Structures are given as C-alpha cells and as structure tokens.
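>>> The amino acid sequence is not available; the structure is as follows:
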C-alpha cells in the first residue's frame, strides 16, 4: 500500500497561550509529529535553545535566507523577523509526517494560500486573566512589554475565527489530547484515505 | 454559558458493513449520542426490534406520514421504502445532542441539502471478501439477494468520495473509537465554539 501524504498543521495562539509546552508534550507522545522550527531575529530568552525553540540569527543572516528563497513566509512582529524555513516541510509531508508550524496569525494567512489543505488550530487561553498571569511569570518581560503583548493577544483572539479548530489550553494534558484527537480525526478524512479506499475498490 | 447546538451526523455504509453494531456500541459509550430511528416498510428480520432498529410499518402508513410532511427524506431501496422522521431531529439538536442518522447513500445527498453543516461518515468494510462473508452469515439472505446486495455495495463504495470521513470497520472496537474521535474533533471546530470564544473575548 502506498503511503498517504502527511498533514500540514498550523498552530497559532497569543504569546503565553502555551504553544511550546503543548508541542513538546505532543512530540513526546506522537513520534509521527514533526514540529517545524522557525527562524527569528529576536534575542533568545534564557531558557531557549537554538535549533530547538527557534533558529536564532542576525537580521543580516535572515535577509540572506530571504534572498535565497529559503523562507516560506515571514513577518515582522514588534522589532523582530520571524520566518518559516521552506525546504524541510515538503520533504516531511512526502514522508507522511504530521508537520506542525507554530506561527503567528499573519503568517498563517500566507501559509493557507500556499497549502490550501492546511489544517489550522488556534490555541486559546482559558481567560484573559490567566493569559496576563502567565505573561507576568516570564521574568524577561517588563510592564510595557506585557501590556503590548496583551493588546496583541486581543487582536489575535479576534482573528481566531479564521481557524478550523480552537483548543482551550486550561489543563495541558487535555489540550494535548485535543490536539491528538484532531490529528487522528483529520487522518480519517476521505480525501486522506484515497490509497486505502482504492485498494478496497480495486477488489470490488 | 449558553449551550452550543448539537451536531448532526450521517452514517452510511453498505449492507453488512456493521452500522448497527457500531451504533449500539457508540450509544453505550457516549450518552450524548442520539441515534435517529428510521421508518421502513421492509419486513423485520428475526432479531430486529420495532422502535429500536427501525419503525416498521405498512406502505399505507408510510404514505400517510409522507402526506403529513413528517418525513425529512425517503428513498425506495429494492422493494421497500426507508425514511427519516423529521420531528425529533431539530429538538435533539436544540438540546445539544449528537444526532446520528443511519441512512442510505441517496438519502445522505438529500440531508446535505437541508442541513449543509451535517458531518458525513462512510463505514467501509475492510475488503469485499469480508463483506460477502458477513452477508452470508445472515441466514435471512438467499444467494440472489447476496449478489444483489454485493452489487449495490460496490456502487455505494464508489460514492464514498461524497463523504467527509471514512471509517474502516475491521475491528469493531477501533471503528467505534474512530467515530468517537471524529465527534470529539468536530466539537473543537471553531464554528461550534462561538459561545465559548465570545466569553473569552467579552473579557478581552
């Protein structure tokens, strides 16, 4: 039986909604999941690992990649560039992997144009109070930064209606489970079972 | 929080694909599932219970219901009429139930026109050999009947591409689990979370 092409998934959500935690857990539980690592020119936070959370680079290095057409989509967010490296995604999809892109709302819009079959999931904080609390727990943020991020979060939540699914991240375990459920259900979509159905039909 | 409207699901699949077994199991596990019971003019098989598997009735009774506009869709299949009673469905949806209609491929087409939001699932036998075996196990069928049903099954499988999801019924437990997964994932669709999202946004 020939393998079905993998699924491409966008995961968006405001800063502090818990995207990294959720994706780390999901990767542990589902070995077929491949999280795409973004490029960014923003400075790494203390706990962040280069090549794991992001590929951290200078603006010059980022511009070089843009020029060489190695970036699928990018956006300037605050003072910093964020981009999705192009090469690996098609390779992983060809291998049947579930490829997850962690991207901003404006980037998601661009991906949909290139991959109309993409599945988009918005990670929602259970409330604005919880989101503010989570942002304050990050020691790296000052008050002005927190207020700016909260304002951006509200704008992003307002655009959650552009997404296929919404997962509330109240309890991490439940949110990870919801993500797994969406991935499993999407794999049962008729359009993703063409090979398997043809097998039954060829014997019909 | 105001309750979201329930989901309407169509389950189709050839005779012998195991729709009844799957739905009986699913109803046991998910108390929110409400299986709609069809009207039919075909004679009951030995094991079938009136008001559970079908509402069995004479053609005169069926025509009376049609005239009174109590049938959502109906089809003649072989010598017999099959129909979906209209009244209960909207009531159950209003109550937030997951309403499942077990209907033929031609009926599914009609339901989609009335309820464009309907989720359609095709229950697929693992192979034509298994399907034939299952049909032969039903003592009520004679050879001519089996061959006719196999021919109809092939035509139906050819139309499985009209469905949103395909569930293979090889092991009953897995198929029931797949159905539960689809129901859960569909409840995470953005369009079905309007009330919950508005709550977060009203505090934003």
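Received the coordinates, thanks. If you're wondering where the values come from, they're calculated on a predicted model, not measured in any experiment.
>>> Strands of chain A, residue ranges please.
A:8-12, A:33-36, A:38-40, A:54-56, A:71-77, A:80-85, A:98-102, A:119-124, A:165-168 (DSSP state E).
>>> okay if I get these as JSON lines plus distance to chain B and mean neighbour count?
Bear in mind the C-beta positions are built from the backbone N, C-alpha and C, glycine included. Converted to JSON lines, the strands of chain A look like this (distance: least, C-beta to the nearest C-beta, whole Å; neighbours: other C-beta atoms under 10 Å in any protein chain shown):
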{"stretch": "strand A:8-12", "distance to chain B": "12", "mean neighbour count": "24"}
{"stretch": "strand A:33-36", "distance to chain B": "16", "mean neighbour count": "19"}
{"stretch": "strand A:38-40", "distance to chain B": "23", "mean neighbour count": "20"}
{"stretch": "strand A:54-56", "distance to chain B": "27", "mean neighbour count": "17"}
{"stretch": "strand A:71-77", "distance to chain B": "19", "mean neighbour count": "18"}
{"stretch": "strand A:80-85", "distance to chain B": "22", "mean neighbour count": "20"}
{"stretch": "strand A:98-102", "distance to chain B": "14", "mean neighbour count": "23"}
{"stretch": "strand A:119-124", "distance to chain B": "6", "mean neighbour count": "24"}
{"stretch": "strand A:165-168", "distance to chain B": "5", "mean neighbour count": "24"}
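>>> Lowest mean pLDDT across the ones you listed, which one is that?
Sorting those by mean pLDDT places strand A:71-77 lowest, at a mean of 88.
>>> neighbours of the nearest residue to residue A:77 once chain neighbours are set aside, just the number please.
Spatial nearest neighbour of residue A:77, chain neighbours left out: residue A:104 (5.8 Å); criterion: C-beta to C-beta, 6 or more residues apart in numbering or on different chains. Per other C-beta atoms under 10 Å in any protein chain shown, the neighbour tally for residue A:104 reads 19.
>>> and what of residue A:134?
16.
>>> What of residue A:125?
24.
>>> Tell me who's in contact with residue A:164.
Contacts for residue A:164 (C-beta atoms under 8 Å, 6 or more residues apart in numbering or on different chains) come out as A:119, A:120, A:121, B:189, B:190.
>>> Could you do residue A:130 as well?
Per C-beta under 8 Å, 6+ apart, neighbours of residue A:130: residue A:170.
>>> And it, how far from residue B:187?
Distance of residue A:130 to residue B:187, given as C-beta to C-beta, to the nearest Å: 22 Å.
>>> same check, this time on residue A:152
28 Å.
>>> just residue A:161 next, same as before
From residue A:161 to residue B:187 the distance is 17 Å (C-beta to C-beta).
>>> Look at these two and report which has more neighbours.
Counted by other C-beta under 10 Å, residue A:161 and residue B:187 do not tie: residue B:187 has more neighbours, with 17 against 13.
>>> Setting the sequence-adjacent residues aside, check what's closest to residue A:193.
residue B:166 (5.0 Å).
>>> which residues touch the residue of chain A found nearest chain B?
Chain B sits closest to residue A:185 of chain A, with a gap of 3.4 Å, by C-beta to the nearest C-beta. Residue A:185 sits next to B:165, B:181, B:182, B:184, B:185, B:186 when contact means C-beta under 8 Å, 6+ apart.
>>> Repeat that for residue A:57.
A:39, A:40, A:41, A:65.
>>> And the pLDDT at it?
96.
>>> Return the set of buried residues in the worst-scoring helix or strand of chain A on mean pLDDT.
Lowest on mean pLDDT, DSSP states H and E among the helices and strands of chain A sits helix A:194-202, with a mean of 83. Residues of helix A:194-202 classed as buried: A:196, A:197, A:200 (neighbour count, 16 or more other C-beta atoms under 10 Å in any protein chain shown).
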